[in-house]
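[1] next come a sequence and a model predicted from it.
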Amino acid sequence: MIRGSTIPLFDDCALDIPETEGIKYAGSKLKLIPHILDTISKTSAKTVLDGFSGSTRVSQSLAKSGYEVVCNDMAVWSEVFGTCYLLSRKPAHAYTDLIEELNATRPIEGWFTNYYGGHANGGNSTQSNGFKRPWQIHNTMKLDGIRNRIDELCLSPIEESVALTSLILALDKVDSTLGHYVSYLKEWSPRSYKELCLEVPKVFEHDLEHMVLRKDVFDVAGSGVDLAYYDPPYGSNNEKMPPSRVRYASYYHPWTTICLNDKPDVFGKANRRSDTSDKISGSVFEEFRKNSASGRYVAVEAIEKLIQKTRAEWVLLSYSSTGRSTAAELNNILKNNGELVEVRKIDYQKNVMANMKWTNEWIRESEQKNQEFLFLINKGTSHQ
């Protein structure tokens, strides 16, 4: 096991937490990682599916804790992160020369600068020709040069993933956003004035057989792992919130373009990729509508279908009380698809974890705002 920090969970319990890294991410489970690892450690699981890997922080922590991981997400940038952190077996210093070469690349004014670079112009507005820009032009010019150089080097898939991960992490540190890319700050953030500088990602040596996939989660639910961890992108329960506000494909569209370098058609003031429009992109788990036939939220039915299709002894499900599913609905889904072994509530403000095993207390607790829960389900051999 690779050690990071030691996090107290209970008065008499502490867990070593591996160090992870990632982008600013709306769905980040960074603060949940200690609780996720502690819950999984109480099962017999050796292999784990991270079905919605996102920024891959959970996958990283699982891999560094000695589990064999199947890292899956529909986002191409998540696949790149997973390849970097899970499939690379070399020590970090093996990539030093590559990152130094990319840092030395001559800046150019290219596609990324045209659509995402803005001038400070002696002031602090991010506006450029009526469009807000997430980066200052001195950094997008470096982005243009480095991204072209990555293609010119004809790197192996793992080397390319390390280079792209390094580039995205560096850009994340000099942007002028609140953490997503559907709208940008009116004024340049202090960090946007800094110079883009790539660093070697925190890769690590290992001898485990991890897998990195970019598939629909329903297609990997029968992957044959011991435990499946699911953190679906729950749509907001705010009826007035338009669906585009919860589309992860929209939130992180620049990362997709940087990975693909495909210079796509764009639209809107944020210059989103055309394939992230509301009519094209979006997960069924982000769906804000109800099924007209059943009267249930489409997202709730999707959760039930996913648990039913999962071929693993254990399922660990993250749930936010701000999501579409009501506590009562979710409770019925859980009870009808295995043995609900443990329910944990994580309170970020108080930094405590309540163990509600064998009770339905969590249903009442979920009525409070911004409550995070973890549900451990034992599906048993009868559910295989």
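    Thanks, I have it. Since we're looking at a predicted model, the values are computed, not measured. Residues are numbered from 1 along each chain as shown.
[2] gap between residue 19 and residue 261?
    Using Cβ to Cβ, to the nearest Å, residue 19 is found at 30 Å from residue 261. C-beta: built from backbone N, CA, C; applies to glycine.
[3] residues near residue 207, how many?
    For residue 207, the number of neighbouring residues by other Cβ atoms under 10 Å comes to 5.
[4] element containing it, please.
    Secondary-structure assignment from DSSP states H and E places residue 207 in no helical or strand segment.
[5] ok, now residue 333?
    helix 327-335.
[6] list the buried residues of that helix.
    Taking 16 or more other Cβ atoms under 10 Å as the neighbour-count basis, helix 327-335 is seen to contain the buried residues 327, 329-331, 333-334.
[7] and those, which is the shakiest by pLDDT?
    Going through those one by one, the lowest pLDDT turns up at residue 327, 68.
[8] pull the contacting residues for residue 224.
    Residue 224 sits next to 47, 311-312 when contact means Cβ atoms under 8 Å, 6 or more residues apart in numbering.
[9] hmm, try it at 7 Å
    Contacts here follow Cβ atoms under 7 Å, 6 or more residues apart in numbering; on that basis residue 224 touches residue 311.
[10] how much space is there between it and residue 55?
    Taken as Cβ to Cβ, the span from residue 224 to residue 55 is 25 Å.
[11] cool, residue 252 as well?
    Taking Cβ to Cβ, one finds residue 252 at 9 Å from residue 55.
[12] so what's residue 367 scoring on pLDDT?
    Here the pLDDT value assigned to residue 367 is 53.
[13] make that residue 195, sorry
    Model confidence at residue 195 (pLDDT) stands at 97.
[14] what does residue 346 give?
    Model confidence at residue 346 (pLDDT) stands at 81.
[15] just how off-centre is stretch 213-220 within its chain?
    With Cα atoms, centre = their mean, to the nearest Å as the basis, the distance from the averaged C-alpha position of stretch 213-220 to the chain average is 15 Å.
[16] what does it rub up against?
    The contact list for stretch 213-220, computed with Cβ under 7 Å, 6+ apart, reads 49, 51-52, 70, 72-74, 76, 79, 306, 309.
[17] and the furthest pair within those residues?
    Using Cβ to Cβ, the contacts of stretch 213-220 reach their maximum pairwise distance at 76 and 309, which is 24.0 Å.
[18] list phi and psi for residue 345.
    Dihedral angles of residue 345 (phi, psi; degrees, to the nearest 10) stand at phi -110, psi 130.
[19] distance-wise, check it relative to residue 373.
    6 Å.
[20] please enumerate the helices of the protein.
    Residue ranges of the helices in the chain, as given by DSSP state H, are 33-41, 57-64, 76-82, 96-103, 111-116, 137-152, 157-172, 217-220, 248-251, 253-260, 298-309, 327-335, 361-365.
[21] dump the residue contacts of residue 95.
    Contacts of residue 95 were listed using Cβ under 7 Å, 6+ apart, and they are 162, 200.
[22] where does it land on pLDDT?
    Per-residue confidence (pLDDT) for residue 95: 98.
[23] how close does it get to residue 161?
    As for residue 95, its distance to residue 161 is 11 Å (criterion: Cβ to Cβ).
[24] just residue 38 next, same as before
    Spatial separation of residue 38 from residue 161 under the definition Cβ to Cβ is 30 Å.
[25] and residue 75, how close does it get to residue 174?
    Going from residue 75 to residue 174 by Cβ to Cβ gives 22 Å.
[26] ok, residue 284 next?
    With the distance defined as Cβ to Cβ, residue 284 ends up 35 Å from residue 174.
[27] those two: which is more packed in?
    Neighbours per residue, other Cβ under 10 Å: of residue 284 and residue 174, the larger number sits with residue 174, 22 against 18.
[28] residues in contact with the more buried one?
    Taking Cβ under 7 Å, 6+ apart as the contact definition, residue 174 lies against 135, 139, 191-192, 194, 196.
[29] run the last query once more with 10 Å
    Applying Cβ atoms under 10 Å, 6 or more residues apart in numbering, one finds that residue 174 lies in contact with 134-136, 138-140, 142-143, 189, 191-197.
[30] let's see the pLDDT reported for it.
    Listed pLDDT for residue 174 reads 97.
[31] and what of residue 277?
    For residue 277, the pLDDT comes out at 75.
[32] beta partners for the nearest residue to it once chain neighbours are set aside?
    Spatial nearest neighbour of residue 277, excluding adjacent residues (Cβ to Cβ, 6 or more residues apart in numbering): residue 267 at 7.1 Å. Listed by DSSP bridges, the beta-bridge partners for residue 267 are residue 272.
[33] settle this for me: residue 267 is touching residue 182, isn't it.
    No - the criterion here is Cβ atoms under 10 Å, and residue 267 misses it with residue 182 at 11.9 Å.
[34] out of these two, which sits in the more crowded spot?
    Taking residue 267 and residue 182 together and counting by other Cβ under 10 Å, residue 182 has the greater number of neighbours (18 against 12).
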